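Participant: Return atomic coordinates for the entry below.
(one chain, ligands or ions: 2)
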Amino acid sequence: MESIKKGLKNLVWIQGLTCNGNSHSFLSINDTLLDTFLSNINILYHPILTSEIEFKDVYKRILSGKESLNFLVVEGAVSNKKNEVFFQGFDVFEILNNLKDKSDYILAVGNCACYGNFPALYNENVNGLQYRFKDKGGFLGESFKTKSGYQIINITGCPAHPEWIVRTILSLDFGYDINLDNFNRPKDFYMYLAHDGCIRNEYFEWKVEAHEFGTKEGCLFYELGCRGPLTHSPCNKILWNEKSSKTRSGMPCIGCTEFDFPLRSKYFETKTNIGIPEEVPLGVTKRAYIMLTGVAKTFTNQRLNKKLEDTD
Ligand code: SF4
Ligand code: SF4
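Facilitator: Ligands and ions are numbered 1, 2, ... in the order given. Got it, this is the predicted structure:
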């Protein structure tokens, strides 16, 4: 990667407890968006992307005021205790405390940085930047705001989709205000449900179940645990690798953009009570759900009960 370009906003990407999934996701951004991103944002440091510069030098320059910091991106969970999580030889506890008031914006990328996620299950000191699962607080505290007035911007997902990351940063860089939801996620992306735009919606409406993974037919909600109607994410509007999504390829949504992702058990089965799902789609009462699905089941749509290849 080229070294520092003057006049652009600076971004530093650091990591806590992470599998690198969000970095890998980020690297799969399409060429056009990557070009736009690199033409507008100066990546001062990223553990994989920047090779000519060491973190310690960038860190020193920011601390001494020789370099400004506009976007601090954090991937991975962090610890509220010193000497537990390290990045490039520095205690992440110290890095965050030293940089939190220097950066215009701080983005938590991926569920570990947002909520603590799996690493937080095993260590009570481990947190997301401003949440621990559903509880606000986390590492930086409930009321923390960056210089720009924004709280931590959570780009959730396990991993987060590269477009959600890049478009959020570019929107801020271009001077647009972004609205955040109750979990500090940009509404432009997270006001949608994974269910929105799923090619299986017709099967959902007529209550035609899929009985196994990978089929073209059927909805995965009724037996296979799909959480599309309960999960805030635009996975069926902004496709993965610009081609597909879990549900399009016959795999249930496992709700990876929500705080409770690692707290659930049995990801691939629908928990039911006398045949009725324990959790019904967001915004629908159980009573309405029972009435609607009962009617749908009564008036079978014959077309949807055939293999797609066999339909006229
Ligand atoms: S498979 Fe999941 S996302 Fe798709 S229509 Fe069914 S419930 Fe919705
Ligand atoms: S479809 Fe569901 S599980 Fe898959 S990436 Fe989107 S939110 Fe996560």
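
Participant: List the residues that contact residue 195.
Facilitator: With contact taken as CB atoms under 8 Å, 6 or more residues apart in numbering, residue 195 is in contact with 201, 204, 228, 229, 231, 236, 253, 281. All C-beta atoms are positioned from the backbone trio N, CA, C, and that covers glycine.

Participant: near ligand 1, which of those show up?
Facilitator: The residues of the contacts of residue 195 that also fall near ligand 1, by CB under 6 Å from any ligand atom, are 201, 204, 228, 229, 253.

Participant: Farthest-apart pair in those, please.
Facilitator: Taking CB to CB as the measure, the ones next to ligand 1 among the contacts of residue 195 span a maximum distance of 13.0 Å, between 201 and 253.

Participant: Settle it for me: which of the two has more neighbours?
Facilitator: Neighbour count, other CB atoms under 10 Å: between residue 201 and residue 253, residue 253 has more, with 26 against 16.

Participant: next one: phi and psi at the more buried one?
Facilitator: phi -70, psi 130 (degrees, to the nearest 10).

Participant: Residue 11 is in what secondary structure piece?
Facilitator: Per DSSP states H and E, residue 11 falls inside strand 9-15.

Participant: So what touches the following helix or strand past that strand?
Facilitator: Sequence-wise, the next helix or strand downstream of strand 9-15 (DSSP H and E) is helix 21-27. Helix 21-27 is contacted by residues 13, 15, 46-49, 75, 109-110, 113, 157-162, 165-166 when judged by CB under 8 Å, 6+ apart.

Participant: From those, list just the buried residues.
Facilitator: Among the contacts of helix 21-27, the ones that count as buried by 16 or more other CB atoms under 10 Å are 13, 15, 46, 75, 109-110, 113, 157-162, 165-166.

Participant: among those residues, which two are most distant?
Facilitator: Among those, 46 and 158 lie farthest apart (CB to CB), at 19.7 Å.

Participant: contacting residues around the residue of the stretch 51-200 of the chain found nearest ligand 1?
Facilitator: Going by CB to the nearest ligand atom, ligand 1 is nearest to residue 198 of the stretch 51-200 of the chain, at 3.1 Å. By CB under 8 Å, 6+ apart, the contact set of residue 198 is 204, 228, 236, 245, 247, 248.

Participant: With residue 242 instead?
Facilitator: For residue 242, the contact set (CB under 8 Å, 6+ apart) comprises residue 30.

Participant: what's residue 162 in contact with, if anything?
Facilitator: Taking CB under 8 Å, 6+ apart, we find residue 162 in contact with 25, 26, 27, 28, 29, 33.

Participant: I meant to write residue 145 there.
Facilitator: Residues residue 151 are the ones in contact with residue 145 under the rule CB under 8 Å, 6+ apart.

Participant: Roughly how far does it sit from residue 172?
Facilitator: 14 Å (CB to CB, to the nearest Å).

Participant: what's the answer for residue 153, then?
Facilitator: For residue 153 relative to residue 172 (CB to CB), the value is 8 Å.

Participant: what do these two both touch?
Facilitator: Residues touching both residue 153 and residue 172 (CB under 8 Å, 6+ apart) are 105, 178.
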